[in-house]
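A.B. asks: Show me the folded form of this:
(one chain, ligands or ions: 1)
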Amino acid sequence: MSEPAILFVCLGNICRSPLAEAAFRAEAERVGLNAHADSAGTGDWHVGRPPDPRAQAEALRHGIDISGYRARQAQTADFSRFTHIFALDGQNLRDLRHIAPAGHGAHLALLLDMVAGRAGEGVKDPYYGGPEGFAETWADVSAAARALIERLGR
Ligand code: 4NP
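C.D. replies: Prediction:
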C-alpha cells in the first residue's frame, strides 16, 4: 500500500481534531508507521489560530506539543489529497459529504467507527465544557488512533 494520508475533521479544528491528529502522530511514531496526518474544521471561524489552550494542555499532559498547529477549513481538494478522512461526529460527517466530489476515492467515516463497540458514535464536543471534557476527548481519540493504526498495519 502507498503511504496512508489521514485527515481528521471536526467543527472548529481547535479542540477535537488537533487532538486526534496528535494522538495519531504519536501512535504512528511509536510503531514506526510512515503516514501523513493533518486536521481541519468544517467551519472557518478559527482559521489560522492555534488549538484551544485546553486542548494544548491536554496534549502536553501526554508529552505532545501542539502549539504549532494552525486551524484550517476542510475543502473539496482534501478528497484527492487524503486516503482516509475521519469525521469526529455525525454533523461533521454530513458536512463533509456535502463538499465531497462525486466519485471520490477517499475512505470517509466516523472516527469512532474504528473502535470496537463504538461504531456510529461521535466524539463529544468539549468546547463549551470544562477541562475534564478534554481528557474524555483524549481517551476517545487515542483509542481510535490505536485501532486505526492496527488496521493500517494489516
Ligand atoms: P472542535 O470544537 O470542533 O472540536 O474544534 C469547537 C470549537 C469551536 C466551536 C465549536 C466547537 N465554536 O463554536 O467556535
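A.B. asks: gap between the closest residue to L88 other than its chain neighbours and the ligand?
C.D. replies: The spatially closest residue to L88, leaving aside those adjacent along the chain, is C10, at 4.0 Å (Cβ to Cβ, 6 or more residues apart in numbering). C-beta coordinates here come from the backbone N, C-alpha and C atoms, glycine included. From C10 over to the ligand the distance is 4 Å, taken as Cβ to the nearest ligand atom, to the nearest Å.
A.B. asks: got it, and L19?
C.D. replies: Taking Cβ to the nearest ligand atom, one finds L19 at 8 Å from the ligand.
A.B. asks: What residues does that residue make contact with?
C.D. replies: The neighbourhood of L19, defined by Cβ atoms under 8 Å, 6 or more residues apart in numbering, consists of P51, A55, E58, A59, I66, F134, T137, W138, V141.
A.B. asks: and what of W138?
C.D. replies: Taking Cβ under 8 Å, 6+ apart, one finds L19, A23, E58, A59, R61, H62 in contact with W138.
A.B. asks: That's all I had, so thanks and see you.
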